[in-house]
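*Asks:* Make a model of this:
(one chain, ligands or ions: 1)
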Amino acid sequence: MSKGLIVLDPGHGEKGNPHPTREGFYEGTQNFILGCHLRDELESRGFEVKMTREKVTDDPSLQERGQLAGKNGAILFLSLHSNAPGTEAGDRYSKIRGAETFYSVTDPERNADLASRLTEAVVKTMGTSDRGIKTRRHPDNEDWDYYGVIRASAQSGCKTALLIEHGFHTNPEDSAFLQSDECLSRLAASEAEVIDKFFS
Ligand SMILES: [Zn+2]
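*Replies:* Just a heads-up that it's a prediction; the model follows:
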């Protein structure tokens, strides 16, 4: 019997957000490769997995991505990203690194627990710094999440909804990790282990 359905959301489309450190690498493609590894790891542990992007070229809307979780009764919606600083970072643009996780305000205690365990695993596996776990509320309604995918997941019924920023693709060290298929495979294994423990 399945341990439950998990929806994985590799952020952006194929050519979304180029890595400035090395030509030919894109956040949207590397997120997809990480998602495929994580799908395999979770399936081998007895979970059922749906991806919001079945092909690397898929790029559904934020709402479609989040709603896939609620519609199908998922136990977890997990959006996979890497980060980039805003232009206000100035000279520090390429120096800023580290992982952080945003989680839905609709089930804050449970989500914070899973978010901190996942962030700890990502920080350890990537050898990067810990930027902590966070929520961000919508400016129009503070019961809503700011991020579209998290909000759509929670509002469609899947309140265990998280978005992980796996370091900064603008930072040479974090980016080098994210460009390696072998590193992404190790990252997926460490996340699957945390998820399996949390839901078992
Ligand atoms: Zn992103």
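*Asks:* okay, now T87: neighbour count?
*Replies:* Residue crowding around T87 was assessed by other CB atoms under 10 Å; the count is 7. The way it works is simple: take the backbone N, C-alpha and C, and place the C-beta from them, glycine included.
*Asks:* ugh, wrong one, E142
*Replies:* 10.
*Asks:* neighbours of the closest residue to it other than its chain neighbours, just the number please.
*Replies:* In this structure, E142 finds its nearest non-sequential neighbour in V105, 7.9 Å apart by CB to CB, 6 or more residues apart in numbering. Using other CB under 10 Å, V105 has 21 neighbouring residues.
*Asks:* Does the residue of the chain found nearest the ion belong to a helix, a strand or coil?
*Replies:* Here the residue of the chain nearest the ion is H81; by CB to the ion that distance is 3.4 Å. Following DSSP: H, G, I helix; E, B strand; the rest coil, H81 is assigned to strand.
*Asks:* from memory it sits against H166, does it?
*Replies:* Yes. Contact status for H81 versus H166: in contact at 6.8 Å, counting by CB atoms under 8 Å.
*Asks:* Check the secondary structure at V49 for me.
*Replies:* Per three-state DSSP, V49 ends up strand.
*Asks:* That one pairs with what?
*Replies:* With DSSP bridges as the criterion, V49 is bridged to I6.
*Asks:* Which residues of the chain lie near the ion?
*Replies:* Selection of the chain residues close to the ion by CB under 5 Å from the ion yields G11, H81.
*Asks:* Show me the residue at the heart of this protein, geometrically.
*Replies:* The centroid of the chain falls nearest to L80 when counting by CA atoms, centre = their mean (2.3 Å).
*Asks:* which stretches of the protein form helices?
*Replies:* Under the criterion DSSP state H, helices of the chain are mapped to 27-44, 62-71, 108-126, 148-155, 172-178, 181-199.
*Asks:* Find the nearest non-adjacent residue to A84, please.
*Replies:* Using CB to CB, 6+ apart, the nearest residue to A84 is T170, at 4.7 Å.
*Asks:* Then W144?
*Replies:* H138 is the one closest to W144 (CB to CB, 6+ apart), at 3.8 Å.
*Asks:* Near the one you found, how many residues? Count them for me, please.
*Replies:* For H138, using other CB under 10 Å, the count is 14.
*Asks:* which outside residues touch stretch 167-184?
*Replies:* Stretch 167-184 is contacted by residues 17, 19-22, 25, 27, 30, 33-34, 37, 82-85, 93-99, 122, 126-128, 166, 187 when judged by CB atoms under 8 Å, 6 or more residues apart in numbering.
*Asks:* Counting neighbours, which of those end up buried?
*Replies:* 17, 19, 21, 25, 27, 30, 33-34, 37, 82-85, 93-94, 96-99, 122, 126, 128, 166, 187 (16 or more other CB atoms under 10 Å).
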